[in-house]
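Asker: I need the structure of the sequence given here:
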Amino acid sequence: MRLKNTAALCAISLLMLSACQNRFVYFPERDNLEDLSTLAENAGIEPWTGGDVVYHGWRYAVAENPANRIVLFHGNAGHALYRTYFADGFAGIDAGRRWEVFLFEYPGYGARDGRLGEESFQRAAWAALEQLLAEDDRPVFLAGESLGSGIATHLAGRRPDDVAGLFLITPFTNLADVGAHHVGRLPVALILRDRYDNVAALRDYRGPVAFLLAGRDEVVPTLLGRELHDKYAGPKHLWIQEDAGHNTLDHDPANPWWDEVSDFLLNR
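Answerer: From the prediction side, this is the model:
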């Protein structure tokens with residue numbers, strides 16, 4: 001009887017964890033569009049609008065009509081405008097002539113309505129990519145930061161001919177592996193609805209992939225980023241900031257790695 005009770009308690013615990021897992025995976029910060037637009041304007045960033053949504057996120061260009069476009073899918077906390085360092089880093093290269101930067105916003109984050117979750121994020125990302133491809137024929141590159149790596153690789157794996165290259169920042173193999181690292185024996189793979197399986201997504205992609213890892217990453221183990229890099233079969237390059245943690249990477253736009261990543265992606 002005791003064994004049956006223990007099994008029942010375990011099953012109930014797993015069901016409860018599965019039902020509330022969004023609280024453990026997603027940490028959105030909400031704000032109204034007017035206030036966010038003011039913050040963006042002060043940084044020289046414009047709303048990225050189109051289709052049947054109020055906005056996809058934000059866009060930033062220093063020069064007129066840069067040669068390439070890159071879209072950032074950010075990590076699981078805050079909202080897109082906390083990543084203006086990404087816009088500064090890429091849009092400032094070559095006096096702004098190389099990159100127009102797009103900061104994608106997830107449903108349920110910032111001022112964007114919608115449900116949290118992998119499927120919801122994927123649908124929204126697909127719509128944003130479709131709009132960019134319809135606007136003009138400049139190459140589109142994707143960047144994924146932490147959880148956002150799962151959205152970037154998903155699009156690249158499904159649309160390999162439309163995604164010119166990837167930049168993955170503190171990525172992982174799959175979300176279950178990250179969870180297992182933090183909770184030990186708990187069968188995370190049986191609980192998670194959202195998988196964000198980067199290894200599987202990249203199997204059908206062969207474009208250039210740049211990897212930036214934090215050597216002392218306390219959130220996404222560095223070894224998971226290394227494993228993803230090692231398993232990728234296409235052209236790749238790895239950068240590691242050995243003393244950095246998950247949230248302490250050096251994003252100073254004067255840091256040479258911005259130009260190095262840009263050169264690699266553009267095969268210069």
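Asker: so who does the closest residue in space to E227 that isn't next to it in sequence touch?
Answerer: Excluding its sequence neighbours, the residue lying closest to E227 (Cβ to Cβ, 6 or more residues apart in numbering) is T173, at 5.3 Å. Heads up, the C-betas are built off the backbone N, CA and C, glycines and all. Counting by Cβ atoms under 8 Å, 6 or more residues apart in numbering, T173 makes contact with 197-199, 224, 227-228, 231.
Asker: how about a cut-off of 7 Å?
Answerer: 198-199, 224, 227-228 (Cβ atoms under 7 Å, 6 or more residues apart in numbering).
Asker: Those into a markdown table, with extra columns for pLDDT?
Answerer: Below are these laid out as a markdown table (pLDDT from 0 to 100):
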| residue | pLDDT |
| --- | --- |
| N198 | 98 |
| V199 | 98 |
| L224 | 98 |
| E227 | 98 |
| L228 | 98 |
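Asker: Return the member of these nearest to A143.
Answerer: N198 (13.4 Å; Cβ to Cβ).
Asker: which SS class is the closest residue to I70 other than its chain neighbours?
Answerer: Distance criterion Cβ to Cβ, 6+ apart; nearest residue to I70, sequence neighbours excluded, is F141 at 4.3 Å. Of the three states, F141 takes strand according to DSSP: H, G, I helix; E, B strand; the rest coil.
Asker: Can you check the pLDDT for the residue lying closest to P139 once chain neighbours are set aside?
Answerer: Using Cβ to Cβ, 6+ apart and skipping the chain neighbours, the partner closest in space to P139 is A164 (4.0 Å). Per-residue confidence (pLDDT) for A164: 98.
Asker: number of nearby residues for A164?
Answerer: Counted with other Cβ atoms under 10 Å, residues neighbouring A164 total 20.
Asker: That one is in contact with F141, isn't it?
Answerer: Yes - applying Cβ atoms under 7 Å as the test, A164 and F141 come out as touching, 5.2 Å apart.
Asker: about what we covered before: what's across from the residue nearest to I70 in the sheet?
Answerer: According to DSSP bridges, the partner residues bridging F141 are I70, G165.
Asker: pretty sure it is touching G165, no?
Answerer: Yes - between F141 and G165 there is a contact under Cβ under 7 Å: 4.7 Å.
Asker: Identify the contacts common to the two.
Answerer: Joint contacts of F141 and G165 (Cβ under 7 Å, 6+ apart) are L265.
Asker: Tell me the buried residues in stretch 93-110?
Answerer: 93, 96, 98-110 (16 or more other Cβ atoms under 10 Å).
Asker: which ones are touching the residue nearest to H79 when sequence neighbours are not counted?
Answerer: Sequence neighbours aside, G110 is the residue nearest to H79 in space, at 3.7 Å (criterion: Cβ to Cβ, 6+ apart). Neighbour list for G110: 30-31, 36, 79-81 [criterion: Cβ under 7 Å, 6+ apart].
Asker: Just give me the closest of those residues to N68.
Answerer: Closest to N68, out of all of those and judged by Cβ to Cβ, is A80, at 19.6 Å.
Asker: count of neighbours near the closest one?
Answerer: Neighbours of A80 (other Cβ under 10 Å): 28.
Asker: mind listing the strands for the protein?
Answerer: 27-28, 46-50, 53-60, 68-73, 77-78, 99-104, 140-145, 165-169, 209-214, 236-241 (DSSP state E).
Asker: from the chain's centre, how far out does the second one sit?
Answerer: Counting by Cα atoms, centre = their mean, to the nearest Å, strand 46-50 is centred 19 Å from the centre of its parent chain.
Asker: So, low pLDDT: which residues of this structure?
Answerer: Applying pLDDT under 70 to the chain flags the ranges 1-20, 51-54, 181-190.
Asker: the helices in it, which residues?
Answerer: Secondary structure of the chain (DSSP state H): helices at 2-19, 22-25, 33-42, 84-91, 118-135, 148-158, 175-183, 188-191, 198-201, 222-231, 257-265.
Asker: could you list every residue that touches the spatially most central residue of the chain?
Answerer: By Cα atoms, centre = their mean, the chain has its centre lying nearest to G148, at 1.8 Å. Contact analysis of G148 by Cβ under 7 Å, 6+ apart lists 73-75.
Asker: Sweet, I'm off.
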